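Fold the following for me, if possible:
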Amino acid sequence: MSRLRIERRRSAQRPAPGERIRRDPRAERRGTAAPEAGASGEAAGSGGRIRRDPRAARGPVRAAPAAAPSSRLPRVVIEDPACLILAVPDLEDGRLTSHDRDLLGAARLLADAAKGAVVVLAPRSMAPAELGAAGADRLLPLSLPAGYAPEAKMIAVLAAIEVLDPRHVLLPDTVAAGGDIGRRVAAALGETPATRVLRLSSEEAASRGNGGRSDYLRRPPRILLLAPEAADPATGAEWEARALPAVVELSDEGYIRDGGLAATDPNAVALAEADLIVSAGNGVSDWSAFHEVAAALGAAEGGSRVVCDAGLLPRARQIGASGTLVAPRCYLAFGIAGAAQHLQGIARCERVVAVNTDLHADMVKRADLAVIADAQAVMPALAKLAWEKLGKKRSA
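The predicted structure is shown next:
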């Protein structure tokens, strides 16, 4: 471009005397103050400079179609397993406990390491979908007598071992269920089980013994009795849970008869073993209502550190990292803010219900169900409802 033409362009852009040129940056960015870019992606700016638009030069950008979210977990089917791992959960009240889920996770770990499959010995009434989500490849149906029947269950486990020839048999090391049955099975087979297994891998089982003062390491034997949290629950997939033919039909005959549960004061049970806990925090001031709702629900009483420091509940009732770690089926917290050490103590609770006036309390965030209300108003109403629904007589 010649010097003369450049001078003419500059002169055309000069303002009149006393007039200022005002630029509109927003209009320039929108493209309304300058010619639009053509197919080459170039346009002249307000000062005459050629400005490139790399996006326009590349052409229109087409967004990739978003992947449809998957609502189902991947399904795992093992047709020809190299070995079998037999898991015998306790299934209290016909449902998987947290200890049972840890047990199935350990069985899954052993089976995956050996390219095997997990067989679960369970009542016919159990839903296959629930056991499949917990890690079961096969289900061995069983009809058990109602109540506590250790002899019958021992016979069933021995029959399953004879038919399936599993590489390992896993039971939860609980006092009145899996631990008792596992020891009976080991005695009948003349084998030494690994008891109170705290850590498990395909190569090693770590057991606690000598009154809890020593740990013993050994290769995993055939019969393993697992402590809680010895392994993580199986997640991330749905296993087949295919039903197998029953191996034995049991009768009610035996030396032991189940006479039902004996009447027990809930507060005489250790907090670590309680199924239902009603707990109080600094937001509770009506203690007669608190004791009444605990009695109406048949729940054990617990409390936060603040409550126990004040002497409102015994120190043995304190829940938290500096008190007792609890794992009930339901934990009902009245007026507890949710300090970090308290939340550590209830980490293994299956269901948490919080009653608090603070919507943003940490306990409310942790809860499965939260009631934003004053505990002093909720406790009497809940106690009255419990007395009516359960048909109990109100305590004097």
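
okay, CA-based contacts and neighbour counts for the rest of this
Will do.

Ala107 contacts Val118, correct?
Yes: counting by CA atoms under 8 Å, Ala107 does reach Val118; the two are 6.3 Å apart.

sec struct for Leu343, please.
Secondary structure state of Leu343, per DSSP: H, G, I helix; E, B strand; the rest coil, is helix.

quick one: pLDDT of the closest residue in space to it that isn't next to it in sequence?
In this structure, Leu343 finds its nearest non-sequential neighbour in Gly320, 6.7 Å apart by CA to CA, 6 or more residues apart in numbering. The pLDDT attached to Gly320 in the predicted structure is 94.

on that earlier part again, Ala107 and Val118 - which one has more neighbours?
Legend: neighbour count by other CA atoms under 10 Å for Ala107 and Val118, higher for Ala107 (33 against 30).

ok, that one to Asp100 distance?
For Ala107, the distance to Asp100 (CA to CA, to the nearest Å) stands at 11 Å.

again, but for His168
With the distance defined as CA to CA, His168 ends up 16 Å from Asp100.

Of these two, give the one with the bigger neighbour count.
Using other CA under 10 Å, the more surrounded residue of His168 and Asp100 is Asp100, with 25 against 20.

Let me know the pLDDT of the more buried one.
pLDDT, the model's per-residue confidence, is 93 for Asp100.

What of Pro166?
pLDDT, Pro166: 96.

residue ranges with poor pLDDT in this structure?
Scanning the chain with the threshold set as pLDDT under 70 gives 1-71, 144-147, 248-261, 391-396.

What are the boundaries of the helices in it?
Using DSSP state H, the helices found in the chain span residues 3-13, 25-30, 54-58, 98-113, 128-134, 150-164, 178-189, 287-297, 305-309, 340-345, 362-366, 375-390.

out of the ones you listed, which comes closest to Arg199?
Between Arg199 and the helices of the chain, the tightest spacing by CA to CA is seen for helix 98-113, at 9.3 Å.

quick check: angle from the closest one to helix 178-189?
50 degrees (axes from the mean of the first three to the mean of the last three CA atoms, to 10 degrees).

Need the residues that contact helix 98-113.
Identification of contacts with helix 98-113 by CA atoms under 8 Å, 6 or more residues apart in numbering yields 83-87, 89-91, 116-118, 134-136, 170-172, 200-202, 226-234, 348, 350.

For ChimeraX, write the select line for the buried members of those residues.
Written as a ChimeraX command, the selection of buried residues from these, which uses 16 or more other CA atoms under 10 Å, is:
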select :83,84,85,86,87,89,90,91,116,117,118,134,135,136,170,171,172,200,201,226,227,228,229,230,231,232,233,234
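
circling back to that earlier point, which of the helices of the chain sits closest to Ala122?
Using CA to CA as the measure, helix 128-134 is the one of these that comes nearest Ala122, at 9.1 Å.

what separates that closest one from the chain centre, distance-wise?
Averaging C-alpha coordinates over helix 128-134 and over its chain gives two centres that are 15 Å apart (CA atoms, centre = their mean, to the nearest Å).

With only the CA atoms kept, save that helix in PDB.
Included here for helix 128-134 are C-alpha records, laid out as PDB according to Å, rounded to 0.1, in the frame of the first residue of the first chain:
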ATOM      1  CA  PRO A 128     -31.100 -62.600  45.200                       C
ATOM      2  CA  ALA A 129     -30.600 -59.000  44.100                       C
ATOM      3  CA  GLU A 130     -29.500 -57.900  47.600                       C
ATOM      4  CA  LEU A 131     -26.900 -60.700  47.800                       C
ATOM      5  CA  GLY A 132     -25.800 -60.100  44.200                       C
ATOM      6  CA  ALA A 133     -25.100 -56.500  44.900                       C
ATOM      7  CA  ALA A 134     -23.000 -57.600  48.000                       C
END
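
For it, buried residues please.
Within helix 128-134, the residues scored as buried using 16+ other CA under 10 Å are 128, 131-134.

Kindly compare burial across the helices of the chain and name the winner.
Mean neighbours per residue, mean count of other CA atoms under 10 Å, is largest over those for helix 98-113, with a mean of 24.

centre of the chain versus that helix, how much separation?
Centroid separation for helix 98-113 versus its chain: 15 Å, with CA atoms, centre = their mean.

same thing with stretch 329-344?
That offset, for stretch 329-344, works out to 17 Å (CA atoms, centre = their mean).

so how far is the first residue of that stretch from its last?
Terminal residues of stretch 329-344 are spaced 16 Å apart (CA to CA).

can you list residues touching both of Ala107 and Val118?
Between them, Ala107 and Val118 have 85-87 as joint contacts when contacts are counted by CA under 8 Å, 6+ apart.

quick one on the thing from earlier: wait, doesn't the residue nearest to Leu343 sit right on His342?
Yes: using CA under 8 Å, Gly320 and His342 qualify as a contacting pair, with a distance of 4.0 Å.

anything in contact with each of the two?
Applying CA under 8 Å, 6+ apart, one finds that Gly320 and His342 are jointly contacted by 304-305.
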